[in-house]
Every structure is written in structure tokens, then in C-alpha cells.
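Asker: My questions concern the predicted model and sequence given below.
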2 protein chains.
Amino acid sequence: MTRTTKFASAALLAGGLVMAAPASADEGMWTFDSFPADKMRADYGWAPDQAWLDRVKSGAVRLTGGCSASFVSPEGLILTNHHCVASCLFDNSTAAMDYLDKGHVANRRDEELKCPGQQAEVMTRITDVTNDIKATFTGLTGEALTKARNAKIAEIESAGCPDTATTRCQVVTLFGGGQYKLYSYRKYSDVRLAWSPEDRAATFGGDPDNFNFPRYSMDASFLRAYENGQPVKTPKHLKWNPRAPKAGEATFVVGNPGSTSRLYTQSQLAFEREVRLPITLTVLSELRGRLITAMDQNAEREREGLDTLGGIENSLKVYIGRVKALNDPAFTKKLADAELALRAKSAGNSDLGDPWADVDAAVSEYRSLYLPLRFTQPSGSLYGYASTLVFAAQERVKPNGERLRGYTDSALPLTEKRLLDDAPVYPWLDELMMGWSLSKAREYLGVDDADSKLLLGKESPEQLSERLVNGTQLADPAVRKALWDGGLAAIEASDDPMIQYALRLSDRQRALDKMSDEAYSGPLAIAGGKLADARFAAYGDSLYPDATFTLRISYGQVKGWEERGNMVPIATTMGGTFERATGNAPFDVAPGFAANQDKIDMAAAYDFVTTNDIIGGNSGSPVIDKDGTVIGAAFDGNIHSLGGNYGYDGKLNRTVVVSTDAVQEALENIYPAPALVKELGAK
Amino acid sequence: MTRTTKFASAALLAGGLVMAAPASADEGMWTFDSFPADKMRADYGWAPDQAWLDRVKSGAVRLTGGCSASFVSPEGLILTNHHCVASCLFDNSTAAMDYLDKGHVANRRDEELKCPGQQAEVMTRITDVTNDIKATFTGLTGEALTKARNAKIAEIESAGCPDTATTRCQVVTLFGGGQYKLYSYRKYSDVRLAWSPEDRAATFGGDPDNFNFPRYSMDASFLRAYENGQPVKTPKHLKWNPRAPKAGEATFVVGNPGSTSRLYTQSQLAFEREVRLPITLTVLSELRGRLITAMDQNAEREREGLDTLGGIENSLKVYIGRVKALNDPAFTKKLADAELALRAKSAGNSDLGDPWADVDAAVSEYRSLYLPLRFTQPSGSLYGYASTLVFAAQERVKPNGERLRGYTDSALPLTEKRLLDDAPVYPWLDELMMGWSLSKAREYLGVDDADSKLLLGKESPEQLSERLVNGTQLADPAVRKALWDGGLAAIEASDDPMIQYALRLSDRQRALDKMSDEAYSGPLAIAGGKLADARFAAYGDSLYPDATFTLRISYGQVKGWEERGNMVPIATTMGGTFERATGNAPFDVAPGFAANQDKIDMAAAYDFVTTNDIIGGNSGSPVIDKDGTVIGAAFDGNIHSLGGNYGYDGKLNRTVVVSTDAVQEALENIYPAPALVKELGAK
């Protein structure tokens, strides 16, 4: 393409200026209480001050569905990715009205769609509780340690957020046990969908283009937070800035990276490479195949399975990328070298003991627990409801400090919301998921294994899943509500076969968790703390912890990369969609794009790439410029970023962003939403 | 179980005697021209003499479908596995008569079922042609080398077997290029099925029990070789000996192990572990899933897909086992140590150069060719027919010495037979296979890759496969015959879309093969030869080469193994089937077993295990006792044997055998075949 585009000319202007800044790795998912301003200043000649950081922090939103977002108007309007609201669109859809396929523009507030299970949260405070927590388990090991720790955590969370209707508290373990921090949130449990493009506009290129770039994806949507039936007031929102990105300009991603494993020791990495990942690739690929063919049977199933298939294919691509990274000797050598360096620097530290050996021992124990832990948890939403009901009933009768983590007072409200919100259940899909997971359990555990027999009895995986899915009433939220309210007595008296099944498995699941706490989690908590101490001693405290689905900030710049000798450009244009289109799914132009082809500014910036260090969970994060305004929503990493779970490579890893320029274009000319345009305050 | 069984009491008797022999690893798939008699004599106090070896060799049969077998009567009767004839039963079946499901007992010769594509071969001679071959490529490298070598091979094969109607010649590369030997065969291209149990009797326990033991599988069948419409005379057949195995007795497996990689260097193993196996697990698992759900749709598809699914699941289990082996540090250390030892022993050999580095370089080149080589070959029987027709037409016009290997004069008869034999085609299955392979090609090559574009054009994988499968006439053997006879002119004039598609891909496929010959196969031929020389220099010439689907003999003994602290018994009984049965597939008792439960000798030996070193291709091999009589047919390895591709562990690796005792029981009391019982000459 030789077309001159907005951002291309901007890039031309900006290139010389910003690229003069020294190259930097831009690695790091920094906590807001330790942003490396000095480092950034050294690399970029500028860094945000505290006021700037406080401002963007207040506008950042976490979505409990597993995404990030930001407030972009004073009336609770939230920018996130389309793929973060796909489940909401899907749950609101019927065969007659397919919101996922058609998209949705709420012309009035009362047309905004409630999102089941979704909750928006704004972080309000971080409190260091490391000493409180560590004091509880001094001298303890194994399960005794995890019990004492969890009891203290439950206590701190309850004390921190007595009002569970509007606040939520979570103690987060950082640096694998080096720090414990209490995160407090203002929460909004009524979240509604205001605007979404058609699915094809968001997923143009489908799985083949996922994690790839150049990209042509309108992966953006708007939600709105409500309280007491009214949109919430959000004066501290971020400013919407519909413009093209400039090559080399500094960008910040503010969001909640879900999980990384960058501090893993060699034995933990070996377990991933040798055991967990090969099994995961294999069983998940089979599920993908089962679902693809099942959906191929008719249009109804095609629609009903789409959201699940999308999730599976996305995960698979992530795992394939991880396998590739851990099978790349150059990549793994860097990780091994980093461990050797830390060991060398820690050699004189006699207090330390040998935490690496402790981790090795814990991982070795975990290897023998892994298959039963993994495969005694059947899949499927109905089984999930049953299991939650059974555990909640068993846990709620205990004192807060003795409960499993998802069932403490601070965790129960979200657990309950997810259980009771009305979302459609498709029996064929539940049967497929459950049948698949049970057949894989039998395959990996072996036919003659006691856990296989517990799971299956004399039934086949197919028979059992059919019997349970057809026999259960748990698809009905009223039935779930009655069982939730009825507590343990109701559960034990229930003749619902899925409840009985979940009850039958629960003892063994608890026993396995206990063994895992004893032999793995407990020892790891101590060893992880020591490894963190070693890191702080060796490198000071300006480190960033592994991702924990809590608020982080990453800095970087708009920048392409070199792929097989060619420079990948920083951005695509809206017009590129039409050039890439083949007319065949998933490369078919969305109907809204086709219908409005004349109106669309073909030169408008579409998707762009930055060097920011992100990972799954960051989806929907605002991409913020130096001025603190929003210029896009991060929705993906490039293919190289998949190794980012274990380490960041500044040469290759990129964040993929849908630009505000493109979203504005869609709001004005493709899926018109004049009210939103006005609300966003632009033009 | 505490039941006293025939073999258990026999075991008691024999145990003390034979176990006094020193323990031995029993490793090795030996060629008949270098059986390690001294080694066996040292381990077992006895070894077969040349007459014994010649006798069993004459009775051994290779089945071109990929299995082994043996003549067991003077009238051409062949013992092999049920799973080796499943395709024959399947190809003869219709919705009205499902031979695979029901089994087949031919009461008269004219009820024996012709097996499409199947050919039986008896090895008659091995001639060393190493010097002839190596002389042709002295001083050559890369593609020039492979061309010269292949021309010489074609010439030797043609000269060795001028009568291609009854003989077949194949030059086999042993020790990765250390030796070249001409194998001559008497061939029988009319093979018919005489007796088969029900599928469920053979596959009791299905995929879950596959590669596991204790086992209850009647994995046996009888074929018959014909010539000119008459059963062939086979006076040199092996003697059928229906009896239980004895613990510790010596056993020989005589058959054709397909392929092993025990001589791989570290870089070749790394390529397997890092690239080939993870991709294979992933794509094959998805295919498995697609097929499982597709077959679930109706009984017709359930039947039509069964043979393909069985093959996929079997392969997957093999690959999963290999991944496990190559991710087991203890296992891979042994392989690494063996390479280090050979390097150390070769240090003074200045003629050698550094063949390991040469292999490293070749593998490194292959890494960049692997994805296009793998993914530019779509799957499906109809595409396979088209591709064979296209390549045959293009190759047959060339002189014999310049043709690709499957199309030389010595190879063409079997290629033609496989192409023209009438076998059913199921369009839905072809569409599924082709759609899957094309979608995986796009996934791994990338949407924008030139090969993806060549494969797909603007079509989606689903559209393209539907169009080609629906449009082609190649399911009709007469159409294939006309195109075969019509040669290149007919191919180029054909408007069959599948032919046109295969033609469109053929140039690129040839170019990739050429690149692979140049950068990989050529260099590997030289380096492999040098590595073999190094091995012979270091360890003498009493070595066994990697498996090449040519006749080998393995010695071992009837012996269980220790599994998680428990000894696995040497054999199961027929009665065990009924105890293991759950009533649900695949653990449902075959109807024939259920109907004849009163007649069956529950104490008869069923399946048993030996320490013989085998691998895929050995299926159906006669298991022979010291007297040279047949006491079973090898049909499987245990789960540990899956690492056997890379190395043999005598403590754990076991061959799984269906005993003649059980087959005799089936012939007499379950699927009665009095004529066969008489022919086998027993009782």
C-alpha cells in the first residue's frame, strides 16, 4: 500500500523527534505504587508525575469477566474491547435477535443491555499487609501455613471492606510471596452494554488473524456502569481523544494483566514445558475440533457455540505461543541465565537457604498431583453451577477464616452474582463440554484409576454427561436461587443429578486441594518469599511483580518491528479492510462496513502497535498518551508477545491497539451513535 | 483375581527354570543376516541356528497396508491382527452389511472377501548393494547426490525383479546411510479375508485400553493369499500351536517394524521435541475432535468414520507417548550420554570430520522448510487419488532412473493397485479431512503466506474442500483408470476440479522436495553414512539398524513388569473380559462373546506380554516359541513402549500379544470356523 494516511504523515513528522530518545526495552507491568519514573525519564526524556499517575489511575476500570477498561465520560461510560463484551451480547441473544452478530447501538439509556456476571471495579487504595500476613505463618509449613495465611487474608479483606455492596477488598500475593497487598475497590455490579459493532467488524480475520498484525479489527465497545438503576457519576474519567497514533510517541497502557510466569524457576518452567503445556495443547485442540463440527451442524448451534469457540481458539493460540517460546533454546537460555545470575548474586546470603531447591521439591510433588487435580474438575456451565452451590453450602456454615478462598465474606458477593445472574444455557454445549472433559479424564488418569471410577462409575463419559445435563434443573436461575438460599440442607436433600454428582466429587476435590496445599502451595509460599527477598537484595526494590489481574501501568511507544527482514508498519487504515477482504469468512467485510463504504474515511487510522508490555487481562485497557488522553484500547499482542508469559523481548513483542480514530469513525459513520459521540465530548 | 488359569499354572512350572537365565535387555530389531546368536546364547543359554532362522523367515509375511503376518497353513492362510484387516472389513461393508461390526467367517473359499489395496509379500533375498550405491554419489552433494542415488536404486531394483507381476524389489537404506541393501520379495497381490471376530471383540476397551495391559482383545484375523484365482501353496508355513504362554519362556517376534529414530542425533531429537511433535499433537487432536462429533451425528457416519478415527486415535497415543519420552529428563539423558560416548570413541578418527555438526546444519535447514513441506499436502482420499494420478502422469514419461521414488518401475505396480482397487469413498469424510488440513495449513503458514494463497486462493478451507469433493469424479475407480491410462494428456485435459487442484499444487510440492533434497536429505545421506561408520568402528558390526518396515527378528521372553510397585501379570484370561465389562462402549462385551458365554473356556489364556522389542509395523507379527511354532500374534506395545521410537527400556517396554490359545477358543466356540480349525491342523 502506498496510500498516504493520517498516521503515516504524522509518523513522518514525529519519527525524527521521538526516535532520538535512547532505545529502551520498555519491559514491565508496574504497580502504581512503584512506577519507575527515573528509568522512563532516562529512556524517554520525560515521565509522568504523581498527579498524572493519580489521574489515570482513577479512570481505570477492572471488569470481573477478565478484562480491563476505562471511564471515558462523566456518566459512567466505559471503553473496553468488543471481545470483552462478547459474552454479554451473546447472553442477551436469542435465535430471533442475535446481538453478537448484529452488534448493538442503544439509542436510549433503556436500550442498554444488562451484562450477566459482569462487574466493574475501580481501585481506590493499596495497603501493604506483608508483615501482617507473614507473621501468621512464621514457623508453619504445608497446609497449616496456607490455612493460617488464608484465615488472615479473609480477616483483612473483611475488615477493609465492611460495605460489600459497594466495595470489594482483595489481598494480592506479589512476587510469588514476597509481598502481600490489600487492594480496595469501588465496585459497580450493574453493568450494561451501550454500543457494540457487529461481531465481524471486531473479529475480521477471525482466528487466523488473531494475535497477528497488520490487523483490521474494530475490537471496541462501550459499557455503562449503573447503580440504583441510574448511570453512575464518574467525574474522574479519562479524556477521549479521537486521533491517529504518531510513530514513536510515548504510550501508556493502564490495566490489569492477568497472569505471567516471569519469576518461575527452571523447575517450574520445566513442568510447564514437559507436562502442563503438552497436555493442554492436546486436550484443548480436541475440544476445538469437537466444537467446530458440532457448530457446523446448523445455524442455531453455530450461534450458540461461537462465544465458547472464540475463547478456546484464543487460549489455544496463547498456549501454542508458549510452547514455541519454551521450545526456543535462545529464549529459554535467557531465562536460565537470569536464574544463574540471581543465584550467583545470592551466593553470600546465608539467611536464604536454597529456595530453588525448595521450589524443585514442591514442583516434584505437584507433578504427581497434577493429573488428578486437573481432571477431577469436569467442564460445563451446569456442572460449574452445581459445584459452586455445593461448595458454597459447605463453606458458608464455617467461620469466615476457615473457608476456601472463593467463599469468604469478601468473595461471596461476586460468586453469588455469577451464580444467580440469568444467562442462557445450551444443553448440547454443556453435554459436549462435560463429555469431552470426562473422556479426557479417563484418558489421562487411566481406566482403572480410582478417580476415573469416581468420575464415571460404570457409565461412559457420553452417557453420564447426557444423563446429568438432561436431568438437571440448574439452567433455571430460580432453581439456583432456591438452592443457594436453602444452604447445605437444601443441597443435601436435592435430587438434582448434577448437584448429587458435584456432591459426590467434592470430598475428593477437597482432599486433593489439601494435598496440594501441603506439598506444593505451602512450601512454595515460603520459597517464593525467599526468592523475592533474594531479588530485592540483588536488584533493589524497583522491580515489577508477575501479573496478578491487578492494576498496572506499562510505558512504551508507538513502534513497528522487523519481521523476516521487513519492517511492519505502525498502523493500518480503515480502507485496508476492504483490500484484505476475500468475501469469505472470516475475511468477509462486516455488513455495516460494506453498507457505509462511501462514508468511511478510508485513510483513518485503524489498529496500531506499541512496545507496551501487556498480557491477557489487559484487553480493553486504555492506551493513553503523554497528555493523559485515551488514544485507543489495547486488544491483543502480536504473535511474538505470546512468549511474554515468561519474558519480554522489546525487539519483537508488541501490543495491538484499536485507535480512537477508528472507533470515532465507527460511531459517526458505520454504527452511528450521535448521543455517544456527544457524550464523549469530541468534535 | 485369584482364579487358577492354564497359563498361571504353566508359569508356576516354568518360572524357576527360565528365570535362572541372566537378565538381559532383549533390545534389538535384528536383520536376518546378522542375528546376534552369541549374545542371545549368553543371555538365554540357547539360540536358534541358521536352519531355524531360515524356517521362520520363509513363513513371515509383510502386508503392504503396514502390518506383519505369517503363513500358518499350506494353503496360503495368513495370521495377522484384526486391526490390520479392519480397513478390508470396512471397505467391504455397506450400511446393510457391516463386516467390521459383525466380523466375518468365510464358510467357503468363495466367501472370502477381497481386500482393496492389500498385498502380501515374502522376503526371498537380501543383497548388499552398499558399494554400488555409494559409488554413484562420491563427490556429489545435495540434490545431485539424491538424484544419482535414486537413479542407481531404480536401476538395481529393476534389474533385481524383472518380473513385476510376482516379485518386488526394494533397496533399503540402513543405519541412516551406512548400508544399502536390496530386499527381494515374492509378492501376492490378491489377498482375501477368511476370518475375523466382531470389532468389539478385537477392540474391547477401545482407545482407553489401547497400549495398555492387562488387556482383553481378540486382535486376530486370518487372510488368504491367492494367485490366478487360487489359494497359493505355502509349504514353508509356520506351525500353529494353540497353547498358553509360559512365564519366562523365550519368544521371537518376526515381522516388519515400521520406523524408529534410535540413531537420531541430539539436534534431530530436538527438532522432534521442539517442532514436529507439538504441532502434530495439536493438529491431530483437533482432527480427532472434529471426527468424534461428526460421527456422533448418525449411525451411518459412526460406521463410515470408525476406521479413520481408530487410526487417528492410535497415532495420537503414539505421539503422546513420544512427547512424554522426550520430555522425560532421565530418558533423554540416556540418549544424550550415548551420543557423547560415541563422540568420545570417535575422537581419534580423523577421516570422520564432524558428522554431528553436518546433521545439525541439515536439521537447521529443515526447520525452515518444515511447515511448507508439511502443510502443502492436503488430506483426504480423493485428493490422494488426484495427487497420485498427477505425479504418476508426470513421472511415467521420464526415464526410470529420473523418476520420484514411488513412481519407478519397481514401485509403480503397488502404486497402481492402490489407486485402482475399488474402495468406498465417503464425501463427508473427505470434506472433513481436507477442510481440516487446509485450515491447519492456513493457521501454521499464516494467512499472508504465499503457500496459503496457493492452497486457498480466495476461498475458505471449508468452501474449497466442499467444492472439490462435490465436484470430483475420482471416487469412481473407472474414472481413475481412464486417467491413469490416459497419462499426462488426459490429466492436463481433465476438467475434474480435484485433478486441477492437485496439478496446481504439484510444481510447488516438487520445488519443496528439491529444496529438501538439496539442504537436508542430501547432506543427511553423507552424514548418516559417516555416523554409521563411526558406530561400526566404535562398537563392531553386531548392531541393529533403525526400523525400515523390513523383516527383523527380536528375541525376548514372556514376562510382566513392575508398575507403581505392583507386578503386572504376564497374561489375562478370556473370563477377565466379562469381569472388566461395564456394559457401556467401549467396555461392552462383544455379542458373540455374550451369546457363547457358556461355551467359552474362561481360564483360557487371552492376551500376554513379552519383553520383545517391537514398534508399529510389527502388528500381526507371529510370536514364535523355541520350537519355531506360533503361539500368538503381536498386536501392541504397552504404554511404556511408546518411547521405544527413541530407545528401548527392558524394565518397562513390553510387547502385547493375542495368544493362539484364545484365537483357537474363538475359532471353536465363539465365531466357529471348523474348516479353519482343521486347516490349522490342531486338535
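Answerer: Done, it's in. Residues are numbered from 1 along each chain as shown, chains lettered A, B, ... in the order given.
Asker: List the contacts of A:W46.
Answerer: Shown in contact with A:W46 (CB atoms under 8 Å, 6 or more residues apart in numbering or on different chains): A:40, A:250, A:626. Bear in mind the C-beta positions are built from the backbone N, C-alpha and C, glycine included.
Asker: Any idea how many residues pack against the last one?
Answerer: Spelled out, that is A:K626. 14 (other CB atoms under 10 Å in any protein chain shown).
Asker: what does the second one give?
Answerer: Neighbours of A:A250 under the rule other CB under 10 Å: 25.
Asker: quick one: it from chain B, how far?
Answerer: 30 Å (CB to the nearest CB, to the nearest Å).
Asker: Cross-check the contact I'm expecting between that residue and A:G556.
Answerer: Yes. Taking CB atoms under 8 Å as the definition, A:A250 is a contact partner of A:G556 at 7.5 Å.
Asker: circling back: any chance of the contacts of A:W46 in a markdown table, plus pLDDT and secondary structure?
Answerer: Formatted as a markdown table, the contacts of A:W46 follow (pLDDT from 0 to 100; DSSP: H, G, I helix; E, B strand; the rest coil):
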| residue | pLDDT | secondary structure |
| --- | --- | --- |
| A:M40 | 95 | helix |
| A:A250 | 97 | strand |
| A:K626 | 97 | coil |
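Asker: At the contact with chain B, which residues of the stretch 451-600 of chain A appear?
Answerer: The stretch 451-600 of chain A comes close to chain B at residues A:458-460, A:463, A:582-585, A:587, as judged by CB under 8 Å from any CB of the partner chain.
Asker: Going by neighbour count, which of these comes out on top?
Answerer: Busiest of those [other CB under 10 Å] is A:S460, holding 22 neighbours.
Asker: Find me the pLDDT at that residue, would you?
Answerer: Here, the pLDDT recorded for A:S460 equals 96.
Asker: now the one 10 residues further on
Answerer: pLDDT, A:N470: 98.
Asker: got a list of contacts for the helix or strand in which it is found?
Answerer: Element membership for A:N470, per DSSP states H and E: helix A:461-471. Applying CB under 8 Å, 6+ apart, the set of residues contacting helix A:461-471 from outside is A:380, A:382-383, A:427, A:430-431, A:434-436, A:438-439, A:441-442, A:456-457, A:459, A:496-498, A:501, B:584.
Asker: cool, and stretch A:269-287?
Answerer: The contact list for stretch A:269-287, computed with CB under 8 Å, 6+ apart, reads A:261, A:264, A:312, A:315-316, A:319-320, A:322-323, A:326-327, A:332, A:335, A:363, A:366-367, A:370, A:374, A:433, A:436, A:440, A:444, A:646, B:278, B:281-286, B:288-289, B:292, B:316, B:320, B:323-324, B:327-329.
Asker: And those, which of them are buried?
Answerer: Among the contacts of stretch A:269-287, those classed as buried by 16 or more other CB atoms under 10 Å in any protein chain shown are A:261, A:264, A:312, A:316, A:319-320, A:322-323, A:326-327, A:332, A:335, A:363, A:366-367, A:370, A:374, A:433, A:436, A:440, A:444, A:646, B:278, B:281-286, B:288-289, B:292, B:316, B:320, B:323-324, B:327.
Asker: from chain A, which residue is nearest to chain B?
Answerer: When scored by CB to the nearest CB, chain A has A:G289 as its residue closest to chain B, at 2.5 Å.
Asker: And whatever helix or strand comes next after the helix holding A:N470, what does it pack against?
Answerer: Moving toward the C-terminus from helix A:461-471, the next helix or strand (DSSP H and E) is helix A:477-493. Applying 3 or more CB pairs under 8 Å, 6 or more residues apart in numbering or on different chains; DSSP states H and E, one finds that helix A:477-493 contacts helix A:381-396, helix A:412-420, helix A:497-516.
Asker: what's around A:E198, how many residues?
Answerer: 23.
Asker: ok, now the one 3 residues further on?
Answerer: Each residue near A:A201 was counted by other CB under 10 Å, and the total is 25.
Asker: For it, which three-state class applies?
Answerer: Look at A:A201: counting by DSSP: H, G, I helix; E, B strand; the rest coil, its state is helix.
Asker: re earlier: so which of the helices and strands packed on helix A:477-493 comes closest to A:F32?
Answerer: Among the helices and strands packed on helix A:477-493, helix A:412-420 comes nearest to A:F32, with 22.6 Å by CB to CB.
Asker: distance between the closest one and the chain's centre?
Answerer: How far helix A:412-420 lies from its chain's middle: 19 Å, per CA atoms, centre = their mean, to the nearest Å.
Asker: Which SSE is immediately downstream of the longest helix seen in chain A?
Answerer: Ranked by residue count and defined by DSSP state H, the top helix of chain A is helix A:299-326. Where DSSP H and E defines the elements, the next helix or strand beyond helix A:299-326 is helix A:329-345.
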